[in-house]
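*Asks:* have a look at this prediction, sequence included:
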Amino acid sequence: MRLILFGGPGSGKGTQASFLVKEWGIPHISTGDILRKERAQGTELGKQAQTYMDQGALVPDQVIVNMVANRMVEADAQQGWLLDGFPRNVPQSLALEKMLEKIRQPYNYLLFLDVPAATLQDRALNRAKEAAAQSEQKRSDDTPETILKRVHVYEQETLPMIEIYKSHPKFVHIDGTLSIPEVTAAIQRQIGGES
Ligand code: AP5
């Protein structure tokens, strides 16, 4: 199974991805997680990404496209994958289509978790509050200002790309405002899997 998960910041991509990768036995390729790992390890890529992430801006396309291309040729990604957080704008979507054609790995579904901007902001702020309450480390981009910026970037850059994908035969619209189990069930109804 090859899945691409779209949605705004806080739409539930990470939450649903964790169920889907278990169910289908595929690797979870999250560009945000890879970047956070690179930052934690203090690599050149991590340092380069830090400023953009902390400002809620997108990391430059070429950096992301190279990073994903390198990840997709790893052994565990040959039988399937779930892409979370990539592509995020029109140039990235064009680069992905080319990449997949080259490695002959067509995707099965494009899943869009549709959540309005106001709910996205509330969820990200709640996640930051929950992390603080449980003494976990809060994500450095979960501040009110950065969340606003990330939602703005989503509206400006990601939604136009999703508009193009909407007419694609593999595009699946999911109401992301439902509860977590309801969203999981809605995805399962569309793509199959245990209920
Ligand atoms: P990334 O890590 O991808 O963050 P994001 O897209 O902003 O998404 P989040 O991880 O914040 O949210 P999510 O949709 O996974 O929701 P979650 O399940 O956690 O990217 C971070 C940064 O990296 C970017 O800003 C950018 O700088 C850079 N980057 C990454 N990819 C890039 C790319 N392709 N190009 C350029 N730069 C890139 O849920 C959020 C909260 O809501 C949780 O508390 C959860 O419990 C709750 N929740 C989830 N579902 C529900 C529900 N149905 N009902 C109620 N609550 C829910």
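*Replies:* That came through, no problem.
*Asks:* report the central residue of this structure.
*Replies:* Gly85 (2.1 Å; CA atoms, centre = their mean).
*Asks:* quick check, it in contact with His28.
*Replies:* No - between Gly85 and His28 there is no contact under CB atoms under 8 Å: 10.4 Å. Where you see a C-beta, it was placed from the backbone N, CA and C, and this is true even at glycine.
*Asks:* next one: the residue nearest to the centre of the chain, what pLDDT does it get?
*Replies:* Gly85 is assigned 97 on the pLDDT scale.
*Asks:* let me see the contact set for it.
*Replies:* Residues in contact with Gly85, defined by CB atoms under 8 Å, 6 or more residues apart in numbering, are Leu5, Lys13, Ser30, Thr31, Gly32.
*Asks:* rounded mean pLDDT for the helix or strand containing the first one, please.
*Replies:* Assessed by DSSP states H and E, Leu5 sits inside strand 2-7. Looking at strand 2-7 alone, the average pLDDT works out to 98.
*Asks:* what about it, distance to the chain center?
*Replies:* Distance of strand 2-7 from its chain centroid, counting by CA atoms, centre = their mean, to the nearest Å, is 7 Å.
*Asks:* how about that strand and the ligand, any contact?
*Replies:* Yes - Strand 2-7 reaches the ligand (CB under 6 Å from any ligand atom) through Gly7.
*Asks:* around the ligand, pick out the residues from the protein.
*Replies:* 7, 9-15, 31-32, 35, 52-53, 56-59, 64, 85-86, 88, 92, 123-124, 126-127, 141, 150, 178-180, 183.
*Asks:* in helices, which of the residues you listed fall?
*Replies:* Secondary structure from DSSP state H places 13-15, 31-32, 35, 52-53, 64, 92, 123-124, 126-127, 150, 180, 183 of those in helices.
*Asks:* quick one, which of these are buried?
*Replies:* Burial by neighbour count, 16 or more other CB atoms under 10 Å: within those this picks out 13-15, 31-32, 35, 53, 64, 92, 123-124, 127, 150, 183.
*Asks:* out of those residues, which comes closest to the ligand?
*Replies:* Gly32 (1.8 Å; CB to the nearest ligand atom).
*Asks:* please name the nearest non-neighbouring residue to that closest one.
*Replies:* Gly85 (4.9 Å; CB to CB, 6 or more residues apart in numbering).
*Asks:* what's in contact with the helix or strand of the chain at the bottom of the mean pLDDT ranking?
*Replies:* Lowest on mean pLDDT, DSSP states H and E among the helices and strands of the chain sits helix 117-133, with a mean of 86. Residues from elsewhere that reach helix 117-133, judged by CB under 8 Å, 6+ apart: 8-12, 115, 136-139, 142-144, 147-148, 150-151, 154-155, 177.
*Asks:* what packs against the helix or strand Val172 falls within?
*Replies:* Secondary-structure assignment from DSSP H and E places Val172 in strand 171-175. Helices and strands touching strand 171-175, by 3 or more CB pairs under 8 Å, 6 or more residues apart in numbering; DSSP states H and E, are strand 109-114, helix 180-191.
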